[in-house]
Structure formats: C-alpha cells, structure tokens
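1. whatever this is, show me its structure:
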Amino acid sequence: MKSESIQQIKAALNTIDKRDDKRIQLWKTDERSGVQQALAQWDRRILRHEKELALFEEMQQFENNARHNGHRFIVGIDEVGRGPLAGPVVAAAVILPDDFQLLGVNDSKKLSAKKRNELYNEIQNQAISIGIGMVDHNKIDEINIYQASKLAMSIALEDLCIMPDYLLIDAMKLDVEIPQESIIKGDARSISIAAASIIAKVIRDRLMEDYAKMYPGYGFENNAGYGTKEHLQGLKQQGICTIHRKTFAPIKDMCY
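-> Residues are numbered from 1 along each chain as shown. From the prediction side, this is the model:
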C-alpha cells in the first residue's frame, strides 16, 4: 500500500481537532521529518484550542451561576476610555444567548486589533441585544471620569432592546433596582463583560480614527487618545484641540 504524501497528511491534520484520532498515533511512527514537523505544528494548534476552550468554560461561571439562580437575561457591562486625554468614554451592555459559542473572547486589552474586529462581528451576530452608551469630553470634565463612566454604563443599559434581570458589571455598581454583581477585572473573568469590552473598544477606536482626520497631528488613529509620546509631541507642537479633556493633566496646565 502506497504511503500518504506529506501534503496529504498536512491536509488531513487541518481537519482533526481531537487527540484521540487513530491517525495521529500512526503518523507519529512516520520517520519523515516533514510529517513530524506537521505533527508538531498540529499539536501547538490543538494546545491553543484546548486553552481557549478551558478559558471559555471558566469565563462562563458568573453567567452559569446567575442562570442557576433563575435569571434569564444576563447582561455584561463594561466601559472603555477612562485613561485617554481626549475623546469620549464608551460603554457597552451585551446580553448573550445561553448557547453562545465563540472561543477567543477575552479582555479587549489582551487582543490584537485584528482579533478584536473579528470577535466584534461575531458578537454582533450572536448577541440577543447590545446597548451602547457614550459620554463626551465636555461631560467628563463636568462630572469627572468616574461618574462619566457610570453614566455611560447606565445609558448602555437603557439602550438594550430587552430589559435584563441580572447585571454583571466590571468593577462598578449602578443605581438601578435590577440585581447586580460587581466583578473586579470582570473583562477577564466573565464572558459577557469581555464581550462588552470588545464591543466598546472597537466602537471607540473607530471613533478616534475618525477624529484623527478632523484633528490631525496627535496620532489619534494610533493611540486612541492615550498619552503616548506621539500624542504628547502633538500637544507640544499644536496645543489642545476641541476633544481634549481639560481636567486631565497635562491638558489642564495648558488651558491657562
């Protein structure tokens, strides 16, 4: 019987996602270096998949507990944009279905821009409801960033098309009658909060890219308003622009 070519084995490995496949044991006895390299690459891919699956299951603990206690529409809420020197703070509220399946969802800060955009599209497709809240630089200066973040979350909650019966919030409490749970580092521990962080991050980043065209020279398309070297250099050369937060250092020292 003619042995399989290395290309045939590589193609077959792309279709195998379980370690107990009998072909894997057979190919491990194949002495060709190309086969062994392909197996090593497959093993790394499977290991990544196993880690993503384990993380996905771990990050559903809060949602599962809420369902166990009789709650049906569980929303994850998170905000993005507390630290930047310019632009709004953006919050998202996301209700996921019980059968939500999307590996790779995690704290948006831990993901590449490409991965965030891919997950953003999938979350949009699978979510039961998504609400968005946005508070601009003027309101941030008026009420402070903590209160602005809280307001953005409340707006996102009101923007949902379905009223949730349980809230999972990233390190915050909202002034509503709905039962809620504040979770420290929730965007890395709850699948719903992580999904909300991805939605909010992508929306805010895209908005800052638009602002970069209106206010060039600060690098908003690269830094999203955070105080990077490029941004600070732009401030030094051009001064502040309309969307800068005037109560944030070093902006506040440039206003007088």
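
2. which strand or helix spans A200?
-> A200 is located in helix 191-214, with elements delineated by DSSP states H and E.

3. which residues sit against the helix or strand that comes right after that helix?
-> Downstream of helix 191-214, the first helix or strand assigned by DSSP H and E is helix 220-223. Contact with helix 220-223 is made by P84, A86, G87, M208, E209, Y211, A212, T228, E230, H231, as judged by CB atoms under 8 Å, 6 or more residues apart in numbering. C-betas here are computed from N, CA, C, even on glycine.

4. roughly how far apart are the closest residue to H71 other than its chain neighbours and S190?
-> For H71, the nearest residue in space outside its immediate sequence neighbours is Y166; the separation is 3.9 Å by CB to CB, 6 or more residues apart in numbering. Distance check for Y166 against S190: by CB to CB, to the nearest Å, it reads 12 Å.

5. give me the more crowded residue out of these two.
-> When Y166 and S190 are compared for neighbours, S190 comes out ahead with 28 against 22, by other CB atoms under 10 Å.

6. was I right about that one contacting F62?
-> Yes: counting by CB atoms under 8 Å, F62 is a contact partner of S190 at 4.7 Å.

7. what touches both of these two?
-> When contacts are counted by CB under 8 Å, 6+ apart, the set common to S190 and F62 consists of L168, I183.

8. contacts only, for T228.
-> Residues in contact with T228 (CB under 8 Å, 6+ apart) are G219, N222.

9. just the strands in the protein please.
-> Using DSSP state E, the strands of the chain run over 74-80, 89-95, 129-135, 166-170, 180-183.

10. looking at the ones you listed, which is closest to Q147?
-> Judged by CB to CB, the one of the strands of the chain that comes nearest to Q147 is strand 129-135, at 8.9 Å.

11. helices and strands around the closest one, which ones?
-> Applying 3 or more CB pairs under 8 Å, 6 or more residues apart in numbering; DSSP states H and E, one finds that strand 129-135 makes contact with strand 89-95, helix 145-158, helix 191-214.

12. list the buried residues in the first one.
-> It refers to strand 89-95. Burial within strand 89-95, assessed by neighbour count using 16 or more other CB atoms under 10 Å, is assigned to V89, V90, A91, A92, A93, V94, I95.

13. cool, and the second one?
-> Along helix 145-158, these residues count as buried under the neighbour rule (16+ other CB under 10 Å): I145, A148, S149, K150, L151, A152, M153, S154, I155, A156, L157.

14. I appreciate the help and will end here.
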